[in-house]
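[1] Following is a predicted model, sequence given first.
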Amino acid sequence: MNITHIFVKGIFLTQLLVSFSLVEMNNSGIKTTTIQEGLLSKEPALGVWNYTMTNVESVYNQGVLFVTKNENTYEIAVKFSNGILNGQDVVITNNKVNFNINIAGLERVSFVLMIDGDRIMGESYSDKGSSQILGERQLPER
């Protein structure tokens, strides 16, 4: 009777471990699907964008744009090599992105960007002149 009892417990424990493994596999599939659905958002501007700019000081010639949405308001943060600036007057309509930033609180720079899939392009304007901007969406590693 002892051997039968141990054998039954062994089978029960094996089934229990297999069940937990299957649940974990199903949960990871749900997480992956959720992430992929987020990437396929109907709002093409949302995301993280690596960009380069021409005709600017070296500290501003490349960086990252973070475009998010809180309820009905869009927010943009621009990361340069020396810090992060928040966008102001953000307007996003379909594939068009317009916003302003203030550099050192003195120089206002306006951005006009267009999105084409995972590419972003456009120009910035300030008292010092204009600059071309090219960039790509930063996709999560697989």
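    Cool, got the structure.

[2] Now do the buried residues in stretch 80-94.
    Phe80, Leu85, Gly87, Val90, Ile92 (16 or more other C-beta atoms under 10 Å). C-beta coordinates here come from the backbone N, C-alpha and C atoms, glycine included.

[3] CA atoms of it as PDB?
    Extracted C-alpha coordinates of stretch 80-94, given in PDB (Å, rounded to 0.1, in the frame of the first residue of the first chain):
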ATOM      1  CA  PHE A  80      19.300  65.200 -26.200                       C
ATOM      2  CA  SER A  81      22.800  64.300 -25.000                       C
ATOM      3  CA  ASN A  82      22.600  66.900 -22.300                       C
ATOM      4  CA  GLY A  83      19.100  66.400 -21.000                       C
ATOM      5  CA  ILE A  84      15.400  66.200 -21.700                       C
ATOM      6  CA  LEU A  85      13.000  68.900 -22.800                       C
ATOM      7  CA  ASN A  86       9.200  68.700 -22.800                       C
ATOM      8  CA  GLY A  87       7.200  69.700 -25.800                       C
ATOM      9  CA  GLN A  88       4.700  72.500 -25.600                       C
ATOM     10  CA  ASP A  89       1.600  73.200 -27.800                       C
ATOM     11  CA  VAL A  90       1.600  69.600 -29.000                       C
ATOM     12  CA  VAL A  91      -0.800  69.000 -31.900                       C
ATOM     13  CA  ILE A  92      -1.000  65.500 -33.400                       C
ATOM     14  CA  THR A  93      -3.400  64.900 -36.300                       C
ATOM     15  CA  ASN A  94      -3.300  61.600 -38.100                       C
END
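
[4] can you tell me the average pLDDT over that stretch?
    On average, the pLDDT along stretch 80-94 is 93.

[5] now it: how far from the chain's centre is it?
    With C-alpha atoms, centre = their mean, to the nearest Å as the basis, stretch 80-94 stands 14 Å off its chain's centre.
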